[in-house]
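# quick check, what structure comes out for this input:
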Amino acid sequence: MSNGIAYPVFRAADSAVALRMARQLLAVGDRRHAQVSVDVELCTVGEVMRVRKALPDSWFRKEDIAGWVREPSDPTGLHDGVHADELFSDPDFLFPHLPLWASMLYQPVGSVEEEFAALVGPNIGEIYWDSLVWPDVPDRDLHRETDHARVSLLLNSRTTELDERADDHTVLVHVRRSNRNGSEQMHASWLAEQIGQSVIGPPQE
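Have a look, this model is predicted:
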């Protein structure tokens with residue numbers, strides 16, 4: 001079983017600029033079967049209500065392992081996820097469960113990215129494209145990649161865990177993790193070169 005690894009290749013203070021660069025990176029691969037998913041952390045009731053209205057097909061969940069231990073039956077449904085139209089809007093219900101995460105998974109490429117990037121505001125979020133295909137590059141001894149060909153745009157964060165806030169936005173390219181012999185970074189570097197960029201930081205797994 002193989003694993004993927006991600007390398008940062010671009011960073012910008014403007015989310016629209018970062019999104020344009022991520023789309024250029026997508027164009028390096030075969031996008032015929034690609035999908036996009038989005039995810040954002042919401043720390044206030046007002047933000048939850050704003051996103052619920054703007055993304056009526058989104059799902060809301062609580063990332064709280066301790067809560068699973070305390071209440072494994074999950075009467076709120078928030079551990080598994082609640083669809084926007086079924087989420088209680090009562091602030092007295094929502095407030096104790098903050099922060100909530102809102103996501104939309106496996107959407108058509110180009111259907112939600114701009115709206116979502118503008119919607120995130122100062123919150124931590126991610127736009128994630130998968131089911132790409134990276135091409136063969138014989139002169140670099142790089143092989144066609146399907147399982148781990150992905151691109152992600154981290155909004156207001158620099159880590160794929162989305163656990164550290166930042167004042168900028170980072171584009172990462174995902175490739176297959178090999179034997180730590182440098183081939184992963186060579187692959188990421190070649191992909192970055194195709195959009196005039198380079199690897200700008202250590203890998204993330």
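# any idea of the mean pLDDT for stretch 138-155?
Stretch 138-155 shows an average pLDDT of 95 in the prediction.
# buried residues in it?
Buried residues in stretch 138-155, counting neighbours by 16 or more other Cβ atoms under 10 Å, are found at 142, 145, 148, 149, 150, 151, 152, 153, 154, 155. Glycine gets a C-beta too; all of them are placed from N, C-alpha and C.
# please, which helix or strand holds the last one?
According to DSSP states H and E, residue 155 maps onto strand 150-157.
# strand partners of that strand, parallel vs antiparallel please.
Paired neighbours of strand 150-157 in the sheet (DSSP bridges): strand 125-130 (antiparallel), strand 165-177 (antiparallel).
# switch these over to a markdown table; also include distance to residue 34 and mean neighbour count.
Below are the strands paired with strand 150-157 laid out as a markdown table (distance: least, Cβ to Cβ, whole Å; neighbours: other Cβ atoms under 10 Å):
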| stretch | distance to residue 34 | mean neighbour count |
| --- | --- | --- |
| strand 125-130 | 6 | 23 |
| strand 165-177 | 13 | 21 |
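# of all these, which one is nearest residue 40?
Residue 40 sits nearest to strand 125-130 of all the strands paired with strand 150-157, at 3.7 Å, using Cβ to Cβ.
# shaky segments in this structure?
Where the chain drops to pLDDT under 70, the residues are 1, 65-72, 180.
# the same query, at a cut-off of 90, please.
In the predicted model, the chain carries pLDDT under 90 at residues 1-2, 63-77, 79-80, 141, 178-183, 205.
# do you know how far the residue with the largest distance to the centre of the chain is from residue 190?
Residue farthest from the centre of the chain, counting by Cα atoms, centre = their mean, is residue 139 at 31.2 Å. Here the criterion is Cβ to Cβ, to the nearest Å. By it, residue 139 lies 10 Å from residue 190.
# ok so, going back, kindly reformat the strands paired with strand 150-157 as CSV and extend each row with distance to residue 37.
Formatted as CSV, the entries for these read as follows, by distance: least, Cβ to Cβ, whole Å:
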stretch, distance to residue 37
strand 125-130, 5
strand 165-177, 13
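# the residue farthest from the centre of the chain: what secondary structure?
Using DSSP: H, G, I helix; E, B strand; the rest coil, the secondary structure recorded for residue 139 is helix.
# so residue 48 sits in a helix?
Yes: the assignment for residue 48, made by three-state DSSP, places it in a helix.
# show me where this protein has its helices.
Along the chain, the segments classed as helices by DSSP state H run 15-26, 45-54, 65-70, 91-94, 113-120, 183-193.
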